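# fold the following.
(chains A and B)
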Number of protein chains: 2
Amino acid sequence: MKTRIFVTLKGGVLDPQGKAIHHALDGLGFQGVNDVRAGKLIELDLADDVSDAQIEDMCRKLLANTVIENYKIEKGA
Amino acid sequence: MKTRIFVTLKGGVLDPQGKAIHHALDGLGFQGVNDVRAGKLIELDLADDVSDAQIEDMCRKLLANTVIENYKIEKGA
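The predicted model follows:
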């Protein structure tokens, strides 16, 4: 079972990586970029018997820092 | 216009970050994890007049290293 975890910074948290990307896009001459936020995508290949609660647990214990990050779980085929 | 870019490593490319996450999940006692791949998620807030071709261009020129990475563009509201 493929499961994708999206980890993004919470709203008020400064994002220097996103800022650097924004600056670089400007430098390359791209117009119309208002904001850039950088996050992580973690693709897990899980056994079929892994429960949703266990996946939540992985996110809270390791994959995301819930003080500054949000996570979203998307279960695939 | 919110646009999300998913950058993932191509199939054959070694992924030490994914491996480290996999190892850490094992160490925390999580069972049933077959594989982990780490990627990037870049959220762009773009002006409405930015074309798809321009977004493709951003990916190829800056956001993804197309030698070793794939990218996927998901346009939101």
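
# near chain B, which residues of chain A?
The interface of chain A toward chain B, taken as C-beta under 8 Å from any C-beta of the partner chain, is made up of A:6-8, A:18, A:21, A:24-25, A:28, A:30-47, A:49-50, A:54, A:57-58, A:61-63. Bear in mind the C-beta positions are built from the backbone N, C-alpha and C, glycine included.

# okay, and which of the residues you listed map to helices?
Those of those mapping onto helices are A:G18, A:I21, A:A24, A:L25, A:Q54, A:D57, A:M58, per DSSP state H.

# of the residues of chain A next to chain B, buried ones?
With burial judged by 16 or more other C-beta atoms under 10 Å in any protein chain shown, the buried subset of those is A:6-8, A:18, A:21, A:25, A:30, A:33, A:36-44, A:46, A:50, A:58, A:63.

# for the most centrally placed residue in chain A, which non-adjacent residue is closest in space?
Taking C-alpha atoms, centre = their mean, the centroid of chain A lies closest to A:V7, which sits 2.3 Å from it. Counting by C-beta to C-beta, 6 or more residues apart in numbering or on different chains, A:V7 lies nearest to A:K40, which is 4.2 Å off, once chain neighbours are set aside.

# what sits opposite that neighbour in the beta ladder?
As for beta bridges, A:K40 partners with A:V7, B:K40 under DSSP bridges.

# doesn't B:K40 make contact with it?
Yes. With contact defined as C-beta atoms under 8 Å, A:K40 reaches B:K40; the gap is 6.6 Å.

# centroid-wise, who is the farthest residue in chain A?
Here the centre of chain A is the reference, and by C-alpha atoms, centre = their mean the most remote residue is A:G29, at 26.6 Å.

# from B:L62, how far off is that residue?
11 Å (C-beta to C-beta, to the nearest Å).

# common neighbours of the two, please.
Residues touching both A:G29 and B:L62 (C-beta atoms under 8 Å, 6 or more residues apart in numbering or on different chains): none.

# where does pLDDT dip in chain A?
Within chain A, the ranges that satisfy pLDDT under 70 run A:77.

# and the strands in it?
A:2-9, A:33-46, A:69-75 (DSSP state E).

# residues contacting the closest residue to A:M1 other than its chain neighbours?
In this structure, A:M1 finds its nearest non-sequential neighbour in A:L46, 4.9 Å apart by C-beta to C-beta, 6+ apart. With contacts defined as C-beta under 8 Å, 6+ apart, A:L46 is in contact with A:M1, A:K2, A:T3, A:I55, B:G32, B:V33, B:N34.
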